[in-house]
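Chemist: When you get a sec, could you give me coordinates for this:
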Amino acid sequence: MTLRTLAVALALCVAFAVPGARALTPTQAAGVDARSVVGARLPSTLRFRDERGREVTLGAYWVTRPSVLVLGYYGCSNLCGLVLHGVAASLEQAGLQAGRDADVVAVSIVAQETPALALARKTAVLADTASTAQASGWHFLTGDEPAIEALTDATGYAYDYDAASRGYAHPAGILIVAPGGSVRAQLGGVAFDPAQLRAGIAGTVQRTGISRWLLCFHDDPLTGRYTPAAMTATRAVGVATLLLLVGGIARAGVRARRNGRSTLS
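Modeler: Below is the predicted model:
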């Protein structure tokens, strides 16, 4: 992985304004949030396409084990990548593996995004977080507008388009979905407490929702810059991702030395 790739994964890039386009107003931005849906059952028959272009039903990802559901979009240059990095870091810190203990299911809220873009995002996230060995447990989906609307309605996920930045303002966080499709927990932000994540996946967490998620947008429309909470969370994910990468390199080195000794013997 190059330093440029790491920088892109950790940076909050300011979007360039489009001349003459109308920016999202503070009133519109205030409506971007996620309501509590803990205990609700999500629709299992909604059809999407995975990163290979195969048609899948959403319920296929919570048949035998829980899922970590991440809503966002793959062309996002703000918090979406950090949310995915935060999930990878928290799974590692909690001693959990995607594909064994839970599946990570990312779903794009933009109908125009393609499986090719989803595959590119998956490849980058797994490479950046040294999680390539767990690729079978990470799923990046795209879908048509009706399926996206049905899922965002069911998850209480409100978002809006900002023409000035050509991007979407949306909540940043995750949902933990139990086998069968009921929502066990909602965790807001981009860095997730490993104990909370483990409890949500194990089904031992108390069913509590969250008051407000972080806003994934190029800045806070009220202040013109990111909030202290967003900046603190970003730094936390940066540190966690770096530790994840160092751990992956260390494990690779140990395996290489073992293979070398096996060859010599």
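
Chemist: Check for me that Leu187 belongs to a strand.
Modeler: Yes - assessed with DSSP: H, G, I helix; E, B strand; the rest coil, Leu187 lies in a strand.

Chemist: And what about the nearest residue to it once chain neighbours are set aside, helix, strand or coil?
Modeler: Nearest residue to Leu187, sequence neighbours excluded (Cβ to Cβ, 6 or more residues apart in numbering): Ile174, at 5.3 Å. C-beta: built from backbone N, CA, C; applies to glycine. For Ile174, the assignment made with three-state DSSP gives strand.

Chemist: show me the contacts for Ile174.
Modeler: Contacts here follow Cβ atoms under 8 Å, 6 or more residues apart in numbering; on that basis Ile174 touches Val68, Leu69, Val70, Val83, Val87, Gln186, Leu187, Phe192.

Chemist: Is it correct that the last one falls within a helix?
Modeler: No - assigned with three-state DSSP, Phe192 falls outside any helix and is coil.

Chemist: The closest residue to it other than its chain neighbours in helix, strand or coil?
Modeler: Leaving aside its chain neighbours, Phe192 sits nearest to Ser90 (4.3 Å; criterion: Cβ to Cβ, 6+ apart). Secondary structure assignment for Ser90 (three-state DSSP): helix.

Chemist: can I assume Ser90 is in contact with Leu197?
Modeler: Yes - counting by Cβ atoms under 8 Å, Leu197 is a contact partner of Ser90 at 4.7 Å.

Chemist: Look up the closest residue to Ala178, ignoring the ones flanking it.
Modeler: Arg184 (4.9 Å).

Chemist: Need phi/psi at Leu71.
Modeler: Main-chain torsions, Leu71, degrees, to the nearest 10: phi -100, psi 140.

Chemist: how near is it to Leu79?
Modeler: Using Cβ to Cβ, to the nearest Å, we find Leu71 at a distance of 12 Å from Leu79.

Chemist: Equivalent analysis for Ala34, please.
Modeler: Going from Ala34 to Leu79 by Cβ to Cβ gives 13 Å.

Chemist: now swap in Arg52 and tell me
Modeler: Relative to Leu79, Arg52 is positioned 26 Å away (Cβ to Cβ).

Chemist: Got the phi and psi for the spatially closest residue to Ala154 that is not a sequence neighbour?
Modeler: Of all residues not flanking Ala154 in the chain, Leu42 sits nearest, at 5.1 Å (Cβ to Cβ, 6+ apart). Note on Leu42: its backbone torsions stand at phi -80, psi 150 [degrees, to the nearest 10].

Chemist: please renumber so the chain begins at 293
Modeler: Shifting the count to begin at 293 puts that one at Leu334.

Chemist: from what I can see Leu334 touches Ala442, true?
Modeler: No - contact between Leu334 and Ala442 fails when scored by Cβ under 8 Å: they sit 9.5 Å apart.

Chemist: Who has more neighbours out of these two?
Modeler: Leu334 (22 against 16; other Cβ atoms under 10 Å).

Chemist: Contacts only, for that one.
Modeler: Listed by Cβ under 8 Å, 6+ apart, the contact set of Leu334 reads Leu350, Leu361, Leu443, Ala446, Thr447, Val469, Gly473, Ser474, Val475.

Chemist: hang on, the earlier thing: which of Ala326 and Leu371 has more neighbours?
Modeler: Set Ala326 next to Leu371 and count neighbours by other Cβ under 10 Å: Leu371 wins out with 27 against 23.

Chemist: ok, now how distant is the residue nearest to Leu479 from Ala380?
Modeler: Distance, Ile466 to Ala380, by Cβ to Cβ: 12 Å.

Chemist: just Ala326 next, same as before
Modeler: From Ala326 over to Ala380 the distance is 21 Å, taken as Cβ to Cβ.

Chemist: Before I go, just wanted to say thanks for your time.
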